[in-house]
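Colleague: build the 3D model from these lines:
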Amino acid sequence: MRLDHKSLAPPRIEMLPLIDVVFLLLVFFIYAMLSMAVHHGQAVALPQSTSAALEAQQAISISIQAVDQGMILFVDEEPVNLELLSERLRNKKADKQAGQDPEVQIFADKAVFYQQLFQVLDRVREAGLVRISLQTVAKATAP
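Modeller: Numbers count the residues shown, from 1 in each chain. All right, here's what the predicted structure looks like:
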C-alpha cells in the first residue's frame, strides 16, 4: 500500500489550547495566593468600610477585644498588658529586618472605646513604629 505524501498536511502545534491552559494555570495560582492571606491575631468583630483592602505583607498584629468597660490586648496572639505594650513592640521591631520599620496592623473590636484605641496608638508610637493601619472588613455595597 502506497501513501500519497502530498495530500497530508504538515503537523503543527495549535496555540489556542496552549494559551487556554496557561491562563487557567495563571488564574489558579493567583486565586491560591490570595486565599493564603493569614491573620496572626485574635478573632474580633471588625468594623466595615467600603474602601477596605487586603494587605499581604508580614506585619505586627495588635488585636483589641472589648470586655465590659475595658479591653484585652494581643500582640501576634500573645496577651499583653497596656503598660508593657511599648516594650513588647520594641522587641518585635528589633527582631524584624533592620532595613525597614515593620508595619503595625491594629484589629480593634468595633465595641472598643475611642479613648482606649488612642491609648494603644500612643504606645505604638512610643515604641518608634510609625507605619500603622487600622483594619476593617469590606462592607457590601448595594448597586
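Colleague: rest of the way, CA atoms for contacts and neighbours
Modeller: Will do.
Colleague: can you give me the strands in this protein?
Modeller: 48-49, 60-67, 70-75, 78-80, 104-108, 132-134, 137-138 (DSSP state E).
Colleague: and the lengthiest helix in the chain, how far from the chain's centre?
Modeller: Longest helix of the chain, by residue count under DSSP state H: helix 15-34. How far helix 15-34 lies from its chain's middle: 24 Å, per CA atoms, centre = their mean, to the nearest Å.
Colleague: so who does residue 124 touch?
Modeller: Shown in contact with residue 124 (CA atoms under 8 Å, 6 or more residues apart in numbering): 85, 86, 89, 130.
Colleague: can you list those in CSV and add neighbour count?
Modeller: Output for those, formatted as CSV (neighbours: other CA atoms under 10 Å):
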residue, neighbour count
85, 21
86, 21
89, 22
130, 14
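Colleague: helices - which of the residues you listed land there?
Modeller: Per DSSP H, the subset of those in helices is 85, 86, 89.
Colleague: what distance do you get for the last one to residue 111?
Modeller: Distance of residue 89 to residue 111, given as CA to CA, to the nearest Å: 24 Å.
Colleague: find the residue ranges of this structure scoring beneath the pLDDT cut-off.
Modeller: Residue ranges of the chain with pLDDT under 70: 1-8, 37-44, 51-58, 97-99, 141-143.
Colleague: apply 90 and report the result again.
Modeller: Where the chain drops to pLDDT under 90, the residues are 1-15, 17, 29-63, 66-72, 75-79, 82, 84-105, 107-114, 116-117, 127-143.
Colleague: distance to residue 122 and mean neighbour count added to the strands of the chain, as a markdown table?
Modeller: Output for the strands of the chain, formatted as a markdown table (distance: least, CA to CA, whole Å; neighbours: other CA atoms under 10 Å):
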| stretch | distance to residue 122 | mean neighbour count |
| --- | --- | --- |
| strand 48-49 | 24 | 14 |
| strand 60-67 | 13 | 22 |
| strand 70-75 | 14 | 18 |
| strand 78-80 | 15 | 14 |
| strand 104-108 | 13 | 24 |
| strand 132-134 | 11 | 14 |
| strand 137-138 | 24 | 15 |
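Colleague: the ones you listed: which one's closest to residue 11?
Modeller: Closest to residue 11 of these is strand 137-138 (CA to CA; 52.4 Å).
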